[in-house]
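1. Here is my input, please return the structure:
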Amino acid sequence: MFVDQIKVYARAGKGGDGSMHFHRGKFRPKGGPDGGDGGLGGSIILKVDPSTNSLRTYFFNAKLFAKDGEKGRGNMCTGPSAEDVVYNVPCGTLISRITEEEDPETGEIVERFERVADLTEPNSTFVLCKGGKGGKGNIHFKTSTHQAPREFTPGEDGEEGRFHFELRSIADAGLVGFPNAGKSTLLAALSAAKPKIANYPFTTLKPMVGVIHFGPNRRGTLADIPGLIEGAHQNIGLGHDFLRHIMRCRVLLFVVDTGGTEGRDPVEDLETVRKEVSLYSKELSKRPWCILANKVDVEGADEHVTRLKERFKRVKILPISAQTGLGMDKLRTYLDKQIGQDVGIEF
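-> Next up, the predicted model:
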């Protein structure tokens, strides 16, 4: 099961209470105050784990807790602090705090999302909820005129709140297009990724990211985004669930079926998908893009490629066949220029 967004409740640990204690010894039956401070409450920490690509864990456990610190002890000993609890999240996870407000127009209670973190660096950490500080023991309240203080302070509560975790795939380029345009076959041909490939719509139900090697020490990442349909910007056909995953892509590769194998018109398909992307995000529609005229090995594809060139005269068009390998070398050269990055010497 692939989960790319989830709401969770998190609560850090409370700090331990300070101690109200007086020293008692063989030769000091009425020793002074020596109550120690309480320990720190455990914090809830998120860590970016490169080996996971889903928020599935939180579907089964949407409540995140850390333990409380322990009470202070005598002889000015601080109580033990609770351990921090670390939860793993995938690269590309957006964290938003959820608050509730009354809508001034309808009077209904609505949720608001405030962005607090964008976790994109592998192995980086983020403190979601900080543990509470420990309370002060009575040793802190001793003065020259107040020799036997019985005052102490309780530990502070840990931070808590409701949060929205949203995964947005991280890739240099994204394959965008209608279902069955050949995106999964193309990703498999370019990288070592093994997406599910079959001749029916919505074979791909979750984003798949593959690494393309352009040389011994050059590579880029390519994402296969599930097929879009008309109305995707309004979340028709899980549109938002799919479109969010191309928000991080620097280059968009629009894949069209020039063979018309699904009985659709390639030019109309491309115009529709471009429109959906633009309506979803104006910023996204301004990213560099090109057209991958796929399935040119099918009879009649030449005519559709010509029509695409007439309609999109200023756009780079690469005729290819992911199935037969036609035009794939030129596509690799293009991608190397667009997204290829030096990654150092590989051993």
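
2. need the contact list for the nearest residue to His23 once chain neighbours are set aside.
-> Excluding the flanking residues, the one nearest His23 by Cβ to Cβ, 6 or more residues apart in numbering is Gly31, at 2.9 Å. Backbone N, C-alpha and C define where each C-beta goes, glycine included. Contact analysis of Gly31 by Cβ atoms under 8 Å, 6 or more residues apart in numbering lists Phe22, His23, Arg24, Gly25.

3. Report the separation between Gly31 and Met20.
-> Noted for Gly31: a distance of 14 Å to Met20, by Cβ to Cβ, to the nearest Å.

4. cool, Glu151 as well?
-> Taken as Cβ to Cβ, the span from Glu151 to Met20 is 7 Å.

5. Equivalent analysis for Glu159, please.
-> Between Glu159 and Met20 the computed distance is 27 Å (Cβ to Cβ).

6. What residue, apart from its backbone neighbours, is nearest the most centrally placed residue in the chain spatially?
-> Centroid-nearest residue in the chain, with Cα atoms, centre = their mean: Thr93, separated by 1.7 Å. Excluding the flanking residues, the one nearest Thr93 by Cβ to Cβ, 6+ apart is Leu119, at 4.7 Å.

7. What count of nearby residues applies to that neighbour?
-> If you count neighbours by other Cβ atoms under 10 Å, Leu119 ends up with 21.

8. residues in contact with it?
-> By Cβ under 8 Å, 6+ apart, the contact list for Leu119 reads Leu46, Val48, Val89, Cys91, Gly92, Thr93, Leu94, Ile95, Phe126.

9. how deep is the nearest residue to the third one once chain neighbours are set aside tucked in, by neighbour count?
-> This means Val89. Among residues not flanking Val89 along the chain, Leu46 sits closest, at 5.2 Å (Cβ to Cβ, 6+ apart). Neighbourhood size, Leu46 [other Cβ under 10 Å]: 23.

10. can you check Gln341 too?
-> Using other Cβ under 10 Å, Gln341 has 12 other residues around it.

11. give me the beta-bridge partners of it?
-> Arg219 (DSSP bridges).

12. Kindly provide the distance from it to Leu335.
-> Gln341 is 11 Å from Leu335, by Cβ to Cβ.

13. Equivalent analysis for Cys290, please.
-> For Cys290, the distance to Leu335 - Cβ to Cβ - is 10 Å.

14. quick one: pLDDT of the residue nearest to Val89?
-> Looking at Leu46, its pLDDT is 97.

15. so it touches Ser124, yeah?
-> No. Applying Cβ atoms under 8 Å, one finds Leu46 not in contact with Ser124, separated by 9.1 Å.

16. which stretches of the stretch 51-200 of the chain aren't confidently modelled?
-> 192-200 (pLDDT under 70).

17. all helices of it, in order?
-> All helices of the stretch 51-200 of the chain, identified by DSSP state H, counting those that start in this stretch, fall at 56-60, 183-190.
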